[in-house]
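# Sequence and predicted structure are below.
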Amino acid sequence: MQHNPDVDEFKRQNIKKYQGDLLYQRRKYKEALCVYQDSWQCLSPNNAVLGRELTESMALCLLKLGKFEDALAIARKIQVSFYMKD
């Protein structure tokens, strides 16, 4: 059985996302945002689904932190990327 570094990286990124989700559920929005941002920074370009989930999660954290303009900016990026696919 061969070792596949891409699979390992994919798993690591998913674990980090779930760590952020756990922090979010515990209402630790600032910490969750940091985890999501860290995971997003090292996201591979071929992992669009996780990228979308991380982006949405960051927007939700920003909303909970009262940073409405920042959350809106992220939401607009999501909207633009959605319409660019058509």
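All right, it came through fine. Residues are numbered from 1 along each chain as shown.
# Please spell out which residues along stretch 30-45 are buried.
Using 16 or more other Cβ atoms under 10 Å as the test for burial, stretch 30-45 gives Glu31, Ala32, Leu33, Val35, Tyr36, Ser39, Trp40, Leu43. Yep, even glycine has a C-beta here, placed from its N, CA and C like the rest.
# Return the set of buried residues in stretch 14-22.
Lys16, Lys17, Gln19, Gly20.
# Outside of the helix or strand bottoming out on mean pLDDT in the chain itself, list whatever touches it.
Of all helical and strand segments in the chain, the minimum by mean pLDDT, DSSP states H and E falls on helix 68-84, at a mean of 83. Contact partners of helix 68-84, identified using Cβ atoms under 8 Å, 6 or more residues apart in numbering, comprise Arg52, Thr55, Glu56, Met58, Ala59, Leu60, Leu62, Leu63.
# CSV for those, including distance to Ala75 and secondary structure?
As requested, those are exported to CSV (distance: Cβ to Cβ, whole Å; DSSP: H, G, I helix; E, B strand; the rest coil):
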residue, distance to Ala75, secondary structure
Arg52, 12, helix
Thr55, 9, helix
Glu56, 9, helix
Met58, 10, helix
Ala59, 5, helix
Leu60, 10, helix
Leu62, 9, helix
Leu63, 9, helix
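# Buried ones only from these, please, as a PyMOL command.
Filtering the contacts of helix 68-84 down to the buried ones (16+ other Cβ under 10 Å) takes a single PyMOL command:
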select buried, resi 55+58+59+60+62+63
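# Lowest-confidence entry in the contacts of helix 68-84?
In terms of pLDDT, the lowest of the contacts of helix 68-84 is Arg52, showing 89.
# who are the neighbours in contact with that one?
By Cβ under 8 Å, 6+ apart, the neighbours of Arg52 are Ile78, Ser81.
# show me what contacts the residue nearest to the spatial centre of the chain?
Nearest to the mean C-alpha position of the chain, counting by Cα atoms, centre = their mean, stands Leu54 at 1.3 Å. Taking Cβ under 8 Å, 6+ apart, we find Leu54 in contact with Lys17, Gly20, Tyr36, Ser39, Trp40, Leu43.
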